[in-house]
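Sequence plus the predicted model coming up.
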Amino acid sequence: MKYYPLSLNLAQFKCLVVGAGKVGKRKLQTLIKFNPLHITVIDPYTVLPSNFLSYPFIQFKKKSFEEKDLNHHHIVFACTSDIELNSTIADLAKKRNLLINSATKPEQSNFILPAIIEKKHLTISISTHGIGPALAKYVKNEISKNIGPEYDLMAQILEKIRPLILKLNNSSEDNSKLLNQLVKTLVPVLKKNDFQTVAKLLKKILPTPLIPYVGEIVDELKN
Ligand SMILES: C[C@@]1(CC(=O)O)c2cc3[nH]c(cc4nc(cc5[nH]c(cc(n2)[C@H]1CCC(=O)O)[C@@](C)(CC(=O)O)[C@@H]5CCC(=O)O)C(CC(=O)O)=C4CCC(=O)O)c(CCC(=O)O)c3CC(=O)O
Ligand SMILES: NC(=O)C1=CN([C@@H]2O[C@H](COP(=O)(O)OP(=O)(O)OC[C@H]3O[C@@H](n4cnc5c(N)ncnc54)[C@H](O)[C@@H]3O)[C@@H](O)[C@H]2O)C=CC1
């Protein structure tokens, strides 16, 4: 089985997590980082720790799962210790065309979760297509060792400069060439924290109308 990776805007989705055990809490911890519209957590036996309850978008219901709990939700995580129940939840969710992740049986899910490296402006997802989550976790730790602050700094520059470049109304081809050149040239210099050279290179590479922005952009990197 091959899974297609995509990045969801969770601000538009209501999530349901059934089972607040070890796995349910891990899924919840990841969801929280990505600003979901709402999360309902259901568990009849385990109480959700108070650190989770302080989020205004999380609602905990100390009850057993019922089909009507699926109402108004878009993404469902079946994380109970009851394999049969996870399977039932998956079937019901699929009947309603919901996104469903079963912690026990990937083949019952229509999406699975990758291991992620989460930086301010960069997310790296690693999946083994369900073959070996421990391997996904290991690769994540290996890659993490090589991901320093330079990529976030580059993203910070792009956040400012890319909209301005696009506003110049040059061809897509020219924009692509310029932005690829910026990234390729600046990342190695950002890695050395050499902001003076970053400013010099920006002035050299950017189109003339954008040069006045360089000082402000580089100052913000230092903060
Ligand atoms: C298919 C998938 C469905 C899904 O959950 O989305 C799935 C399924 C299962 N996981 C199981 C076990 C473990 N899962 C982890 C860890 C993680 N599992 C995650 C994702 C996924 N797990 C999806 C595929 C991801 C991919 O494509 O690689 C991560 C990446 C993301 C996350 O969960 O947020 C997170 C990394 C956290 C991190 O980054 O640190 C560890 C490691 C550990 O705990 O140390 C173990 C023990 C070691 C092992 O078994 O490998 C079992 C057997 C349960 C049992 O034995 O009963 C099943 C069921 C089955 O495989 O049938
Ligand atoms: N996908 C993954 O990454 C992993 C999946 N698993 C699988 O995930 C499942 C859960 O594992 P853990 O979280 O470690 O178990 P756990 O025992 O820590 O948590 C299970 C939770 O399900 C709750 N539960 C039981 N019946 C329920 C019901 N009717 N309605 C709502 N909640 C109910 C329990 O109260 C408990 O809090 C297991 O089937 C396990 O094999 C385990 C490890 C990793």
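Sure, I can see it. Ligands and ions are numbered 1, 2, ... in the order given.

Contact residues of the protein facing ligand 2?
Where the chain comes near ligand 2, counting by C-beta under 6 Å from any ligand atom, the residues are 18-24, 42-46, 64-65, 79-83, 85, 103-104, 133. All C-beta spots, glycine's among them, are computed from the backbone N, C-alpha and C.

Now, these that are in helices?
Judged by DSSP state H, the residues of the chain next to ligand 2 include K22, V23, G24, I83, L85, P133 as members of helices.

any idea how far V187 lies from V198?
10 Å (C-beta to C-beta, to the nearest Å).

Which one's more surrounded, these two?
Using other C-beta atoms under 10 Å as the criterion, V187 and V198 rank with V198 on top: 22 against 15.

tell me which element the more buried one falls in.
helix 195-205 (DSSP states H and E).

returning to what we had before: rebuild the ones in helices among the residues of the chain next to ligand 2 as CSV, extending it with distance to P5 and pLDDT.
Converted to CSV, those look like this (distance: C-beta to C-beta, whole Å; pLDDT from 0 to 100):
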residue, distance to P5, pLDDT
K22, 25, 97
V23, 21, 98
G24, 23, 98
I83, 27, 97
L85, 28, 98
P133, 15, 97
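
Quick check: of the residues you listed, which has the highest neighbour count?
In terms of neighbour count, G24 stands highest of those at 23 neighbours, by other C-beta under 10 Å.

for that one, what are its contacts?
V17, V18, V41, D43, F77, C79, T80, A103 (C-beta atoms under 8 Å, 6 or more residues apart in numbering).
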